[in-house]
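In: Structure of the sequence below:
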Amino acid sequence: MAIFRELRSTWSRTRILASRSYGVLKRDRFLMAFPALTLAAVAAICAVAWTVVWIATDGLNIYTVDDPGKWATEPILWIVLLVAVLLCTFASVFFTAALTYGAWESLQGGTPTFEGCMAAAKSRLHVIVPWAILAGLVGFVFELLYRLPMFLRHMEQAGRQIPVIGQFAALGALIVAWVLERIWYFFTFLVVPVLVVEETGPVASCKRSFGLFRKTWGKSLIAQLGFELISFLLLLPGLVLVAMIVAVGWGSLVALVLGIVVGVAWLLTVTVAMSAIVGIFKMALYLYATTGEVPDEFAGSDLENAFTNKAARKAEQKARKAQGKVRAAPAP
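Out: Got it, this is the predicted structure:
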């Protein structure tokens, strides 16, 4: 029973943290524009990448792109995939940095603006670009590992005999990629706040993020899992609404199209809102981790228990004070 009480208590704290983050977002709603711009940029980059591949490879499509033979004879595939991953990563980091700056300014008692956030992100291109390159290269390796099973499946469909050990290797690569991707995500959980506030290089920011994550690992993991659960619960009403629309107009093309439109709109809205909420929470967690002070918007939200122990919090505060890095948000 104790474990259920702890889970219930954890869920309650996560809801409070999400609620406080939403309170900041409700006050500065334009922050939702940055996740939306990220999605739009990624969609545009993917569309251009597919167009380039289709033109340069004489009609290669989604059904034939996983043919290993094509990857061996069409170097354009490697080039386009690498460039697309790097550009998508840059877009994500850039707009997330703008969102993070807006959250930072808001949590410091300021009044952020869309233009100010964009200007702040542009002024930090000297740290954003190197980090985007590093993160993009890591993402490129993950993408190749994820594609390995698809390569083997395409070879089987072409009539080639795949040894059992090869199939297990492909499955192992998929599992390894998923595990490493989770580790990398939490390893870099607070990288963007570090980039925005401290403006350090990619390696230093990565080390700094990991150091803060080790101190806040419990809150970071629990909050992320809790936010993902909240996202899923928010998606359910949309799925029910889509099912009702399709059921009422069963057999009607109009009802099907309307259901798809409503479903996509609902999905995008939840994705954008939750991305902004998570970005705000990360900034709040970073501020507490580095200053020991809970932002007013998160007072009473149990953010104080973000550290695994009090010694870690005191050590961080002492180090920050000695280095003189505790500062207020400057003008972009």
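In: from here on, contacts and neighbour counts on C-alpha atoms
Out: Fine.
In: For residue 136, which non-adjacent residue is closest in space?
Out: Using Cα to Cα, 6 or more residues apart in numbering and skipping residues adjacent in sequence, the residue nearest residue 136 is residue 86, 4.7 Å away.
In: low-scoring stretches of this protein, by residue?
Out: Along the chain, the model assigns pLDDT under 70 to residues 1-11, 58-74, 150-170, 216-224, 248-249, 251, 301-332.
In: Mind naming the longest helix for it?
Out: The helix spanning the most residues in the chain, taking DSSP state H as the definition, is helix 202-248.
In: now for that one, which elements pack on it?
Out: Here helix 202-248 is seen to pack against helix 2-27, helix 125-157, helix 164-187, helix 191-198, helix 253-291 when contacts are counted using 3 or more Cα pairs under 8 Å, 6 or more residues apart in numbering; DSSP states H and E.
In: ok, back up a step: touching, the residue nearest to residue 136 and residue 133? I think so.
Out: Yes - distance between residue 86 and residue 133: 6.1 Å, which falls inside the contact criterion (Cα atoms under 8 Å).
In: between those two, who's got more neighbours?
Out: residue 86 (22 against 17; other Cα atoms under 10 Å).
In: State the distance from that one to residue 237.
Out: 35 Å (Cα to Cα, to the nearest Å).
In: Then residue 101?
Out: The spacing between residue 101 and residue 237, counted by Cα to Cα, is 32 Å.
In: Between these two, point out the one with more neighbours.
Out: Between residue 101 and residue 237, residue 101 has the larger neighbour count (other Cα under 10 Å), namely 31 against 13.
In: SS state for the more buried one?
Out: helix (DSSP: H, G, I helix; E, B strand; the rest coil).
In: That one contacts residue 123, doesn't it?
Out: No - no contact is recorded between residue 101 and residue 123 when judged using Cα under 8 Å, the distance being 11.3 Å.
In: What is the burial count for residue 247?
Out: Neighbour count of residue 247, defined by other Cα under 10 Å: 14.
In: ugh, wrong one, I meant residue 213
Out: Burial of residue 213 is recorded as 26 neighbouring residues (other Cα under 10 Å).
In: Kindly provide the distance from it to residue 188.
Out: Here the criterion is Cα to Cα. By it, residue 213 lies 8 Å from residue 188.
In: Quick check on residue 124: phi, psi?
Out: With angles defined as degrees, to the nearest 10, residue 124 sits at phi -110, psi 20.
In: contacting residues for it?
Out: Counting by Cα atoms under 8 Å, 6 or more residues apart in numbering, residue 124 touches 195, 196, 199.
In: What's the separation between the second one and residue 45?
Out: When you say that, I think you mean residue 196. 25 Å.
In: if you count what's nearby, which of the two comes out ahead?
Out: Of the pair residue 196 and residue 45, residue 196 is the one with more neighbours under other Cα under 10 Å, namely 24 against 18.
In: The residue nearest the centre of the chain - nearest residue in space that isn't next to it in sequence?
Out: Per Cα atoms, centre = their mean, the C-alpha nearest to the average position across the chain is that of residue 275, at 7.3 Å. With Cα to Cα, 6+ apart as the measure, residue 35 is the residue that lies nearest to residue 275, at 6.3 Å, once sequence neighbours are left out.
In: isn't the one you found right next to residue 95, touching?
Out: Yes - with the criterion set as Cα under 8 Å, residue 35 and residue 95 qualify as a contacting pair; they are 6.9 Å apart.
In: If you count contacts, what does the host helix or strand of residue 94 end up packed against?
Out: Here residue 94 is covered by helix 75-107, with elements defined by DSSP states H and E. The helices and strands touching helix 75-107, judged by 3+ Cα pairs under 8 Å, 6+ apart, are helix 2-27, helix 33-56, helix 114-123, helix 125-157, helix 191-198, helix 253-291.
In: With distance to residue 75 as extra columns, can I get those helices in CSV?
Out: Output for these, formatted as CSV (distance: least, Cα to Cα, whole Å):
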stretch, distance to residue 75
helix 2-27, 44
helix 33-56, 10
helix 114-123, 33
helix 125-157, 14
helix 191-198, 33
helix 253-291, 34
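In: Pick the most buried one from the ones you listed.
Out: helix 191-198 (a mean of 25; mean count of other Cα atoms under 10 Å).
In: Now find how far off-centre that one is within its chain.
Out: Between the mean C-alpha point of helix 191-198 and the mean C-alpha point of its chain there is a distance of 15 Å (Cα atoms, centre = their mean, to the nearest Å).
In: Can you give the contact residues for that helix?
Out: Under Cα under 8 Å, 6+ apart, the answer for helix 191-198 is 93, 96-97, 100-101, 121, 124, 127-128, 200-201, 205-206, 208-209, 282-283, 286, 325, 329.
In: how about 7 Å then?
Out: The set of residues that contact helix 191-198 without belonging to it, under Cα atoms under 7 Å, 6 or more residues apart in numbering, is 97, 100, 101, 127, 205, 206, 209, 283, 286.
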